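J.: can you look at this prediction? I've put the sequence above it.
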Amino acid sequence: MSTQPLAAKPAKAPAKEAVKDASMLKQKEMMAAHYDRLSASPETGEKVVCTFVPGNLNELIMCFDLANNLPEVNAIQSGLRRQSGAYVMEAEKAGHSEDVCTYVKSDVGMIAKGNIGPNGKKLPDPDLLLLSYTGCFTFMKWFELLRERYSCETIMLHTPYVADGKITQNMVDYMVRQLKEEVIPTLERVSGVKFDIDRLREYLKQSAKAEDDLVKVLQSAMNKPSPIDGYFGGIYYIGPIFGAFRGTQDAIDYYRFLLEEVEERVAKGLGPVTPDGDMGEEKYRLVVEGPPNYTSFRQFWKMFYDEGAVVVASSYSKVGGVYDFGFRHDPERPLETLAEYCLGVYTNRSLPMRVDMLASYIEDYEADGLLINSIKSCNSFSAGQLLIMREVEKRTGKPAAFVETDLVDPRYFSAANVKNRLESYFQMVDQKRAGVRSAA
Amino acid sequence: MTMSGTKVSGTKAIIERCQSLFDDLHFTAAREWKTAKSGRKVIGYMPIYVPREIIHAADMLPLGVLGGGDQLEVIHGDAYYQSYICRIPRSTIELGVSGRLDFVDGMMFPSICDVIRNLSGMWKMMFPDVYVRYFDVPQNYADDIGGSYYVGELAELRDDLGKLRGSPITDDELRNSIEVYNENRKMVGELYDFRAKTPWQAPAAEAYLVLRAGMVLPVEEHTALIADYLAAAKAEKRPMRDNCRIVLTSVFCEQPPLNLIKSLELAGCYVVDDDLLLVTRWLTEDVPTDGDPIQNLADAFLHHSESTAAKYEPNQAEKGQYLVRAVKRTGAEGVIFAAPSFCDPALLDRPMLQNVLSEANIPYIAFKYAENSGQMQPIREQAGTFADSIKLWSAA
Ligand code: SF4
Ligand code: SF4
């Protein structure tokens, strides 16, 4: 599961050119440079590692001068560029079930069709698959599939599930041992670079700086009006830190830049920037659970901002790391901190923890309620969401609603259905407010 | 007389008993076990594997909870799950919400997939008085890495169950339970061997029902039951049909309807191996009964356990080879992939396993089912065509 779009425009040009913040342009440059680095790696001789967004050990990867290619991000890019539909079908033709995660099929289909990245150039074959098995069962099979194709070295890093709401010493020890005895030695062997723990500490220090600013950006949505959209906009904001930039100076610069912009919007009392410019009056404040739909991303977002609905907090913006409850990468405990980071990502949290988090968002961000976008092919997120919805509703007394789409399979995005659901939901919120007023 | 002390009866009577245990969605046998002695506790577990030895060592009954099959009317369960999620969690919720599991003191949810993983959290929220444990197992098989993690997890489980009982579980209790389960696994192995050699003497549906009885009966009783069945099955002469021999795979979690299993044989396929109820034979060798019992259970898990989709295969060359070996060991002529709809482990693994089979020149077919699938005609036709084509190949 993941994030980080940008870099590419939808195939069909929108009627109106999107309005972009300066930080977005900066991110676009970073992403373009990253993809160019990847596609040039056969010439530059740089080695490439694939890994996942949740449990992404970017700082460690950088210690070995490896380029980090994230297949989930590629799937998102394919979704945004409306190519994923064809890729998914390609994978299904090759025998992949219609029932399984469409990220995997988008990736497998893209590889089958030449593995062309968002910059129009071929993405490199990986030298290493770092199977950071964190918060999603599909990851294991996804990289077994890629290993079958590339026959390259593969490292399993198993993150135990935080089922009881607490990270135990046994879990951390297990992960640190995997890092020390298997992950790091393999990274050394494949890259030919010796591990330097001080270099790791430096990167971790940089990560924590960017994380501080990211949290301030996300929490700016507690303002009224919220200066950001924490879901649709949030997906852009988390791009660098969830992707190949956590631990870099680029990420520090990006988040500082972004924070300045956001603070300026707060000072001016402005709402979020949308693809159609500034959002109008803020009428509804929502918390959203679940990933978005990428194939009709803009259309989906528009259904919100046209109604004056802003997402003030989302769980999806925590899939690559949960920072808003205090966790920061800690250079003093470099391996333990990587373990704790993996253990804490959103999809590695138990359902009661997810309920707690969503309910606290509703309260802390003074939201009108919860909206769940349930993804057809993602069991990690989706299994149990109906109970999550009822629990959060019960706890907060705020209405909740449920829509169903898919991440990158356009066959499962029914605009009319989603719009209807949203409209009735907004009416529900109105009624609730009227009820509260008349009861007062 | 037999091991269980009852008179040898034919397979019919034994299977009738197993069938009634299978049909009983109120788990009367387990309830009766519980009430027979005060203080007894029952711990439910879902697929794919839990160390039942530790539950047994705490004087508790491990109870396999495998969904509701095709006889349970799911009234509440659908309100908890979207249409695109497999069926076993919703019928399991139904069993819980309808009070059918109200005598169960604890529930264990193994790390098989994200659906069962998340169900562990749902169970905590829905049944706060029940001991709920998500049972994580290592995906790293090095002794000092995955091994020591697993020893820690097992020790925690032992501790929890000791507290639930009111007194800690001793090493001797564990050793005794290991021995009892070694016996059971041995008998299950004999059942599978017997069926592989003479599948007409132990039809797949019967073997399944006998195995399935072990989900609700105390293990000692189950071991005796298998022995009785084997004795009876060996004594009976049944007609051998001109069926082909297949390995049935992907049926490790949501249970296929009994009719599906029957249909395969009616369509001309003898099932000579399968991955049904893997908990009964997850550990592939006897667990030593001397030394540290927890360490022994951990070693067995790391080094002598089954391969399946929910388990990472660290060695690319080994991927799927267990299936090829199963085919060779049992003299099977093909593989049938029967996966529950929307089952991530089974369906994501399937293309890789199929590639391995293709390389080994082993034919296969694939279809999906749900635990409540009613219409068997298409499956029968597919299996029938498969059987015919295998016969043609072997004749050619
Ligand atoms: S199943 Fe969900 S979390 Fe896992 S890779 Fe697919 S979309 Fe991401
Ligand atoms: S049937 Fe498959 S997806 Fe469903 S709970 Fe079982 S293993 Fe998970």
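T.: That came in fine, so what should we check first? Quick caveat: nothing in here was measured; it's all calculated off a predicted structure. Numbering: from 1, shown residues only, chains lettered A, B, ... in the order given. Ligands and ions are numbered 1, 2, ... in the order given.
J.: contacts only, for the nearest residue to residue B:58 once chain neighbours are set aside.
T.: Leaving aside its sequence neighbours, residue B:58 sits nearest to residue B:161 (Cβ to Cβ, 6 or more residues apart in numbering or on different chains; 4.2 Å). Every C-beta, even on glycine, is put in place using the N, C-alpha and C of the backbone. Neighbouring residues of residue B:161 by Cβ atoms under 8 Å, 6 or more residues apart in numbering or on different chains: B:43, B:54-55, B:57-58, B:60, B:106, B:169.
J.: distance of the nearest residue to residue A:202 once chain neighbours are set aside relative to residue A:216?
T.: With sequence-adjacent residues excluded and distances taken as Cβ to Cβ, 6+ apart, residue A:202 is closest to residue A:331, at 7.4 Å. In this structure, residue A:331 and residue A:216 are 20 Å apart, going by Cβ to Cβ, to the nearest Å.
J.: more neighbours, these two?
T.: residue A:331 (19 against 15; other Cβ atoms under 10 Å in any protein chain shown).
J.: check contacts around the closest residue to ligand 2 within the stretch 51-200 of chain A.
T.: Using Cβ to the nearest ligand atom, the single residue of the stretch 51-200 of chain A nearest to ligand 2 is residue A:137, 8.1 Å away. If a contact means Cβ under 8 Å, 6+ apart, then residue A:137 has A:379-380, B:113-114, B:117, B:310, B:344-345 as its contacts.
J.: do you know the pLDDT at it?
T.: Looking at residue A:137, its pLDDT is 98.
J.: repeat that for residue A:330.
T.: 98.
J.: and the residue of the stretch 201-350 of chain A found nearest ligand 1, how far from residue A:390?
T.: In the stretch 201-350 of chain A, the residue that lies nearest ligand 1 is residue A:347 (5.7 Å; Cβ to the nearest ligand atom). Distance of residue A:347 to residue A:390, computed by Cβ to Cβ: 20 Å.
J.: ok, these two, which is more surrounded?
T.: Neighbour totals were compared for residue A:347 and residue A:390, and residue A:347 leads with 26 against 15 (other Cβ under 10 Å).
J.: next one: residue B:274 relative to residue A:339, how far apart?
T.: Remark: distance between residue B:274 and residue A:339 (Cβ to Cβ) = 38 Å.
J.: and for residue B:38?
T.: 45 Å.
J.: and what of residue A:262?
T.: The value you get for residue A:262 to residue A:339, if Cβ to Cβ is used, is 31 Å.
J.: higher neighbour count, these two?
T.: More neighbours surround residue A:262 than the other of residue A:262 and residue A:339, with 29 against 25 (other Cβ under 10 Å).
J.: what's near enough to touch the more buried one?
T.: A:216-217, A:220, A:227-228.
J.: could you do residue B:355 as well?
T.: By Cβ under 8 Å, 6+ apart, the neighbours of residue B:355 are A:148, B:320.
J.: tell me which element it is part of?
T.: For residue B:355, the host element (DSSP states H and E) is helix B:344-359.
J.: which stretches in chain B count as strands?
T.: Applying DSSP state E to chain B gives strands spanning B:41-45, B:60-64, B:106-110, B:131-135, B:244-249, B:269-274, B:334-340, B:364-369.
J.: now those strands in JSON lines, with mean neighbour count?
T.: Formatted as JSON lines, those follow (neighbours: other Cβ atoms under 10 Å in any protein chain shown):
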{"stretch": "strand B:41-45", "mean neighbour count": "24"}
{"stretch": "strand B:60-64", "mean neighbour count": "24"}
{"stretch": "strand B:106-110", "mean neighbour count": "24"}
{"stretch": "strand B:131-135", "mean neighbour count": "21"}
{"stretch": "strand B:244-249", "mean neighbour count": "25"}
{"stretch": "strand B:269-274", "mean neighbour count": "26"}
{"stretch": "strand B:334-340", "mean neighbour count": "24"}
{"stretch": "strand B:364-369", "mean neighbour count": "20"}
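J.: run through the stretch 251-396 of chain B and note the low-pLDDT ranges.
T.: Residue ranges of the stretch 251-396 of chain B with pLDDT under 70: B:396.
J.: near chain A, which residues of it? Just list them.
T.: When proximity is defined as Cβ under 8 Å from any Cβ of the partner chain, the stretch 251-396 of chain B approaches chain A at B:309-310, B:312-314, B:316, B:319, B:339, B:341-345, B:347-352, B:354-355, B:368.
J.: relative to residue A:384, how far out is whichever residue of the stretch 301-440 of chain A sits closest to chain B?
T.: The minimum distance from the stretch 301-440 of chain A to chain B, using Cβ to the nearest Cβ, falls at residue A:351 (2.8 Å). Here the distance between residue A:351 and residue A:384 works out to 5 Å (Cβ to Cβ).
J.: please apply the same query to residue A:88.
T.: 25 Å.
J.: okay, those two: which has more neighbours?
T.: Remark: of residue A:88 and residue A:384, residue A:88 carries more neighbours, 31 against 28, as counted by other Cβ under 10 Å.
J.: is the closest residue to the more buried one other than its chain neighbours in a helix, a strand, or coil?
T.: Distances taken as Cβ to Cβ, 6+ apart place residue A:105 nearest to residue A:88, at 4.4 Å, with adjacent residues excluded. What DSSP: H, G, I helix; E, B strand; the rest coil gives for residue A:105 is helix.
J.: residue A:105: how many residues sit nearby?
T.: For residue A:105, using other Cβ under 10 Å, the count is 26.
J.: which residues does it contact?
T.: The contact partners of residue A:105, taken as Cβ under 8 Å, 6+ apart, are A:87-88, A:91-92, A:96, A:409.
J.: among these, which one lies nearest to ligand 1?
T.: Of the contacts of residue A:105, the one sitting nearest to ligand 1 (Cβ to the nearest ligand atom) turns out to be residue A:409, at 10.8 Å.
J.: could you check the pLDDT of the closest one?
T.: 96.
J.: so it sits against residue A:102, correct?
T.: Yes: using Cβ atoms under 8 Å, residue A:409 makes contact with residue A:102 at a distance of 4.2 Å.
J.: tell me the residues that contact both of the two, please.
T.: Shared contacts of residue A:409 and residue A:102, defined by Cβ under 8 Å, 6+ apart, are found at A:84, A:88, A:376-377.
J.: between these, which has the most around it?
T.: Ranked by neighbour count (other Cβ under 10 Å), those have residue A:88 at the top, with 31 neighbours.
J.: and that residue, what are its phi and psi?
T.: Backbone torsions of residue A:88, given as degrees, to the nearest 10, read phi -60, psi -40.
J.: mind listing what it touches?
T.: Residue A:88 touches A:102, A:105-106, A:109, A:408-409, counting by Cβ under 8 Å, 6+ apart.
J.: CSV for these, including distance to residue A:133?
T.: Conversion of the contacts of residue A:88 to CSV gives the following (distance: Cβ to Cβ, whole Å):
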residue, distance to residue A:133
A:102, 20
A:105, 20
A:106, 20
A:109, 23
A:408, 22
A:409, 24
